[in-house]
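**Q** Structure for this input, please:
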Amino acid sequence: MQMTAERYLAAPREAVWAALNDLKTLRSSIPGCEALEWQGCETLKAEVRAKVGPVDARFRGKVTLRDRDPPNGYRIEGEGQGGAAGFASGFADVRLLPEGSGTLLRYRVEATIGGKLAQIGSRLIDAAAHKFADDFFERFARVVEPSPPALADESLPVVRVTRTGLRPMIWVPGLIALVALILLVFSRL
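**A** Okay, here's the model as predicted:
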């Protein structure tokens, strides 16, 4: 499977880079993430629960960050096992480009899957991977992007909104977790 996309984030590149390297942010941005922890300075261990079509499994794997070039990007390499659901392995190249006052995040993912995941079919797997990526970036953006300014008009009722989700410093680990999840999801199919 191959996937290439880009996302605009209304946050400076340095903030996006910091969030992509923050475990708390990544953990909260990755759908189904049950565990994420560093194992050394370049490797993360992850556990993610995911459902792709009829396959629902817990994937365990590791992700290694290579070719780090702060704050420009890196390569994420990973592999995951989903028990009877199958396995996945692959990589993602991530680039952060300044764009106005924000950041353009470009990524390219290549993954190989096997087991039940491979039997589901490429359309379902591609759809699940795109949905997973969309969910991750929606959560990640809520953490990394600044909140809109509050209105100062006292004639309007005050509405308090409680934000939940990832903090800006979780983006880098989130991206790593995203790649791990994509690999895990594909290994489960």
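**Q** Which neighbouring elements make contact with the helix ranked longest in the chain?
**A** Ranked by number of residues, the top helix in the chain under DSSP state H is helix 122-144. Packing contacts for helix 122-144, counted by 3 or more Cβ pairs under 8 Å, 6 or more residues apart in numbering; DSSP states H and E, involve strand 2-9, helix 13-19, helix 23-29, strand 43-52, strand 102-114, helix 171-188. Every residue, glycine included, has its C-beta placed from N, CA and C.
**Q** Quick one: mean pLDDT for the third one?
**A** Averaging pLDDT along helix 23-29 yields 92.
**Q** which secondary structure elements does that helix contact?
**A** strand 33-38, helix 122-144, helix 171-188.
**Q** re earlier: let's have the helices and strands packed on helix 122-144 in a markdown table, adding distance to Val63 and mean neighbour count.
**A** Output for those, formatted as a markdown table (distance: least, Cβ to Cβ, whole Å; neighbours: other Cβ atoms under 10 Å):
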| stretch | distance to Val63 | mean neighbour count |
| --- | --- | --- |
| strand 2-9 | 16 | 14 |
| helix 13-19 | 16 | 22 |
| helix 23-29 | 10 | 24 |
| strand 43-52 | 5 | 21 |
| strand 102-114 | 12 | 19 |
| helix 171-188 | 4 | 32 |
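**Q** State the distance from the residue nearest to Pro71 when sequence neighbours are not counted to Asp126.
**A** Distances taken as Cβ to Cβ, 6 or more residues apart in numbering place Trp17 nearest to Pro71, at 3.6 Å, with adjacent residues excluded. Look at Trp17 and Asp126: by Cβ to Cβ, to the nearest Å, they are 28 Å apart.
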